[in-house]
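Engineer: sequence unknown, structure follows:
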């Protein structure tokens with residue numbers, strides 16, 4: 001059985017990632033990319049669906065673990081009456097093919113360890129053929145996939161049809177290494193790694209990368225860990241940032257809200273760009289902007305809410321019926337059908353991202369100006385239509401207030417960009433659209449009864465996206481409607497955490513999103529609440545809300561998508577990029593100085 005979601009730590013090589021539990025088991029790994037089929041899928045089933053366990057005999061959780069410094073090198077320590085052992089897990093930044101390296105080191109006494117490697121390609125459905133190459137190497141192959149396990153001296157290896165068994169004993173000062181590398185089955189096996197050299201290289205990489213952080217406020221450790229996590233979720237060859245490293249982890253245990261998040265969402269772009277620029281990571285911000293522009297190039301009518309890490313468009317959603325799901329949460333889904341939805345808000349996100357880049361001094365190519373104009377023309381034609389909205393509902397389309405506000409953002413940022421570029425074409429039409437959108441949202445999206453902006457026109461419920469209104473510039477933070485809306489958001493509070501919108505009852509189809517069951521509190525919404533509290537002058541409350549989320553990070557500083565305040569468990573895919581991006585942005589909102597909020601050009605880097 002898989003561990004709790006918060007039991008997992010992340011390692012990665014900037015092209016893929018793996019999750020390791022407190023019991024020393026690698027329960028999730030997709031190779032060679034984030035969005036490739038998993039070869040370890042025990043996270044969504046059990047060890048028979050792919051796992052690499054390695055721990056002292058007795059199979060209990062480690063006593064403690066941490067990342068070494070500000071790196072993505074994980075150290076787990078087990079202590080017992082017989083001795084103490086440390087396992088160091090890491091993935092070197094990619095040079096050729098992905099590899100997981102596990103270094104076992106005796107610290108005190110003598111410790112016997114046992115491990116079992118079960119490779120299962122294609123999301124746990126294909127059992128490969130394993131054979132010895134020599135006394136310390138095992139080759140594993142099935143169809144297009146191959147892997148090679150290389151063991152250091154001192155390990156006893158047993159190969160059977162179902163598993164590779166590893167047994168090793170270490171005393172103080174002794175060490176044994178294991179390296180598992182993936183490669184295409186038609187290609188030659190990659191060379192055996194120099195484990196100590198790769199560890200030194202990996203630590204040096206992260207030490208150099210984190211040295212560029214421009215933040216010295218409170219909770220700096222949490223900010224650094226969030227940025228390291230965001231870097232780990234970035235596909236280095238293209239600059240695309242995935243939403244999470246996992247697929248189909250439930251938003252409610254036993255429920256059906258199980259989605260594949262190993263793709264890049266356009267709506268995260270402004271938040272991500274702001275986070276990276278504020279923090280001093282201009283190269284990563286530009287790479288994300290470039291990925292975004294490439295992905296959305298073409299007909300605006302073909303704009304998708306999400307894309308693959310390479311910008312690919314075809315992401316069909318399938319159900320993996322051979323997997324029982326995390327703690328029985330089914331169906332297990334790979335791919336994401338939201339790719340075919342009409343989500344009006346993403347046009348505002350794209351234009352806001354371009355605008356933020358320009359404010360930060362980024363030069364924009366002429367074809368991007370043409371893209372901007374074509375996107376606005378498309379929004380002009382369709383902003384009065386209902387859509388599936390930011391929450392990607394699988395119920396009926398509606399006139400979601402946040403979608404209309406983001407259409408206003410699209411017009412507003414286009415007008416600002418037009419002034420920068422000296423453009424005059426269509427400006428009057430865009431001004432009229434911006435005015436009409438503001439008037440309509442204020443008339444139809446506001447509820448006197450709720451004393452708040454609501455989820456959709458005519459709705460009787462509020463939605464946490466209204467917290468973004470002052471940040472987006474739709475209304476100033478001092479506007480009485482904003483103040484009242486922020487006050488109303490207390491009705492979404494669940495033991496100090498903010499839900500996306502009104503809670504849902506188990507067993508009933510939700511009238512908005514068309515799905516059964518409940519969900520946890522959305523962590524990004526709690527950070528948005530802290531931002532809005534700060535902007536409306538409620539600083540002490542803002543800091544309390546912010547620090548409350550910091551308190552529920554796991555032992556190595558990671559956050560999933562949601563939190564269940566009643567069971568005290570993280571929920572949803574993990575680690576969630578938007579949760580960590582929101583953490584960094586809120587830290588800057590609450591504690592950052594103007595010096596840290598400015599790019600090297602002197603222009604504000606804040607979205």
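Structural biologist: Perfect, thanks for sending it. What you see is a predicted model; the values in this text were computed from it and never measured. Numbers count the residues shown, from 1 in each chain.

Engineer: Now for the closest residue to residue 122 other than its chain neighbours: which residues touch it?
Structural biologist: Nearest residue to residue 122, sequence neighbours excluded (CB to CB, 6 or more residues apart in numbering): residue 37, at 4.7 Å. Heads up, the C-betas are built off the backbone N, CA and C, glycines and all. When contacts are counted by CB atoms under 8 Å, 6 or more residues apart in numbering, residue 37 touches 30, 121-123, 334.

Engineer: Output those residues in JSON lines, with neighbour count, secondary structure and pLDDT appended to each entry.
Structural biologist: Compiled in JSON lines, these are given as follows (neighbours: other CB atoms under 10 Å; DSSP: H, G, I helix; E, B strand; the rest coil; pLDDT from 0 to 100):
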{"residue": "30", "neighbour count": "23", "secondary structure": "strand", "pLDDT": "98"}
{"residue": "121", "neighbour count": "27", "secondary structure": "helix", "pLDDT": "98"}
{"residue": "122", "neighbour count": "18", "secondary structure": "helix", "pLDDT": "98"}
{"residue": "123", "neighbour count": "25", "secondary structure": "helix", "pLDDT": "98"}
{"residue": "334", "neighbour count": "21", "secondary structure": "strand", "pLDDT": "98"}
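
Engineer: right, and the pair among the residues you listed with maximum separation?
Structural biologist: Distances among the contacts of residue 37 were taken as CB to CB; the most separated pair is 121 and 334, at 13.5 Å.

Engineer: Give the residue spans of the protein that score low on pLDDT.
Structural biologist: Scanning the chain with the threshold set as pLDDT under 70 gives 502-509, 593-607.

Engineer: in which helix or strand would I find residue 312?
Structural biologist: Using DSSP states H and E, residue 312 sits in no helix or strand.

Engineer: show me where the stretch 151-300 of the chain has helices.
Structural biologist: Assigned by DSSP state H, counting those that start in this stretch, the stretch 151-300 of the chain shows helices spanning 195-210, 220-232, 269-279, 282-296.

Engineer: what separates residue 255 from residue 246, distance-wise?
Structural biologist: To residue 246, residue 255 is 16 Å away according to CB to CB, to the nearest Å.

Engineer: Who has more neighbours out of the two?
Structural biologist: Per other CB atoms under 10 Å, whichever of residue 255 and residue 246 has more neighbours is residue 246, with 31 against 20.

Engineer: is it true that the more buried one touches residue 29?
Structural biologist: No - judged on CB atoms under 8 Å, residue 246 makes no contact with residue 29 at a distance of 10.6 Å.

Engineer: overlap in contacts of these two?
Structural biologist: residue 19.

Engineer: For residue 551, grab the count of nearby residues.
Structural biologist: 7.

Engineer: what do you get for the one 4 residues further on?
Structural biologist: A count of nearby residues for residue 555, using other CB under 10 Å, gives 13.

Engineer: Give the full set of residues in contact with residue 266.
Structural biologist: Counting by CB under 8 Å, 6+ apart, residue 266 makes contact with 292, 295-296, 303-307, 346, 349-350.

Engineer: among those residues, which are in helices?
Structural biologist: Among the contacts of residue 266, the members found in helices (DSSP state H) are 292, 295-296, 346, 349-350.

Engineer: Export those to JSON lines and append columns for distance to residue 50 and neighbour count.
Structural biologist: Listed next are the ones in helices among the contacts of residue 266 as JSON lines, based on distance: CB to CB, whole Å; neighbours: other CB atoms under 10 Å:
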{"residue": "292", "distance to residue 50": "33", "neighbour count": "26"}
{"residue": "295", "distance to residue 50": "31", "neighbour count": "23"}
{"residue": "296", "distance to residue 50": "35", "neighbour count": "24"}
{"residue": "346", "distance to residue 50": "34", "neighbour count": "25"}
{"residue": "349", "distance to residue 50": "36", "neighbour count": "26"}
{"residue": "350", "distance to residue 50": "37", "neighbour count": "26"}
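
Engineer: Quickly check those residues for the two that are furthest apart.
Structural biologist: For those, the maximum inter-member distance is 12.1 Å, found between 295 and 349 (CB to CB).

Engineer: need the strands for the stretch 251-400 of the chain, in chain order.
Structural biologist: 258-260, 264-265, 306-307, 318-319, 333-334 (DSSP state E, counting those that start in this stretch).

Engineer: Out of the ones you listed, flag the one nearest residue 21.
Structural biologist: Nearest of the strands of the stretch 251-400 of the chain (CB to CB): strand 258-260, 19.3 Å.

Engineer: Residues in contact with that closest one: which ones?
Structural biologist: Contacts of strand 258-260 (CB under 8 Å, 6+ apart): 247-251, 317, 325-326, 329-336, 338, 573.

Engineer: Buried only: go through the residues you listed for me.
Structural biologist: By neighbour count, with 16 or more other CB atoms under 10 Å, these hold 247-251, 325-326, 329-330, 332-336, 338, 573 as buried.

Engineer: Now do the helices in the stretch 451-600 of the chain.
Structural biologist: In the stretch 451-600 of the chain, the segments counted as helices under DSSP H, counting those that start in this stretch are 469-472, 480-488, 523-535, 539-550, 577-591.

Engineer: mind giving me a markdown table with those helices and columns for mean neighbour count?
Structural biologist: Below are the helices of the stretch 451-600 of the chain laid out as a markdown table (neighbours: other CB atoms under 10 Å):
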| stretch | mean neighbour count |
| --- | --- |
| helix 469-472 | 21 |
| helix 480-488 | 17 |
| helix 523-535 | 25 |
| helix 539-550 | 18 |
| helix 577-591 | 25 |
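
Engineer: Determine the number of other residues adjacent to residue 189.
Structural biologist: If you count neighbours by other CB under 10 Å, residue 189 ends up with 15.

Engineer: Once you drop chain neighbours, what's closest to it?
Structural biologist: Leaving aside its sequence neighbours, residue 189 sits nearest to residue 148 (CB to CB, 6+ apart; 4.9 Å).

Engineer: Assign the one you found to helix, strand or coil.
Structural biologist: strand (DSSP: H, G, I helix; E, B strand; the rest coil).

Engineer: which residues sit in contact with it?
Structural biologist: Going by CB under 8 Å, 6+ apart, the list of residues near residue 148 reads 133, 137-140, 180-181, 183, 189-190.

Engineer: rerun at 10 Å
Structural biologist: By CB atoms under 10 Å, 6 or more residues apart in numbering, the contact list for residue 148 reads 97, 99, 133, 137-141, 179-183, 189-192.

Engineer: following the helix ranked longest in the chain, which helix or strand shows up next?
Structural biologist: Assignment by DSSP H gives helix 401-421 as the longest helix of the chain. With elements assigned by DSSP H and E, the helix or strand that comes after helix 401-421 is helix 427-444.

Engineer: Quick check: buried residues in stretch 434-453?
Structural biologist: In stretch 434-453, counting by 16+ other CB under 10 Å, buried: 434, 437-438, 440-441, 445-447, 450, 452-453.

Engineer: And for stretch 346-362?
Structural biologist: 346-360, 362.

Engineer: What of stretch 109-127?
Structural biologist: 111, 113-125, 127.

Engineer: just stretch 43-60 next, same as before
Structural biologist: Using 16+ other CB under 10 Å as the burial criterion, the residues of stretch 43-60 that qualify are 43-47, 49-56.

Engineer: one step back: so what's in contact with residue 295 and residue 349 at the same time?
Structural biologist: 266, 269.

Engineer: those helices in the stretch 1-150 of the chain, which residues are they?
Structural biologist: Applying DSSP H, counting those that start in this stretch to the stretch 1-150 of the chain gives helices spanning 121-124.

Engineer: mind listing the strands for it?
Structural biologist: Using DSSP E, counting those that start in this stretch, strands in the stretch 1-150 of the chain cover 9-12, 17-20, 26-30, 38-40, 51-56, 64-67, 74-79, 83-90, 99-118, 129-134, 137-142, 145-151.

Engineer: Could you report the distance from the residue lying closest to residue 89 once chain neighbours are set aside to residue 556?
Structural biologist: Of all residues not flanking residue 89 in the chain, residue 74 sits nearest, at 4.6 Å (CB to CB, 6+ apart). Remark: distance between residue 74 and residue 556 (CB to CB) = 7 Å.

Engineer: How about residue 76?
Structural biologist: Taking CB to CB, one finds residue 76 at 10 Å from residue 556.
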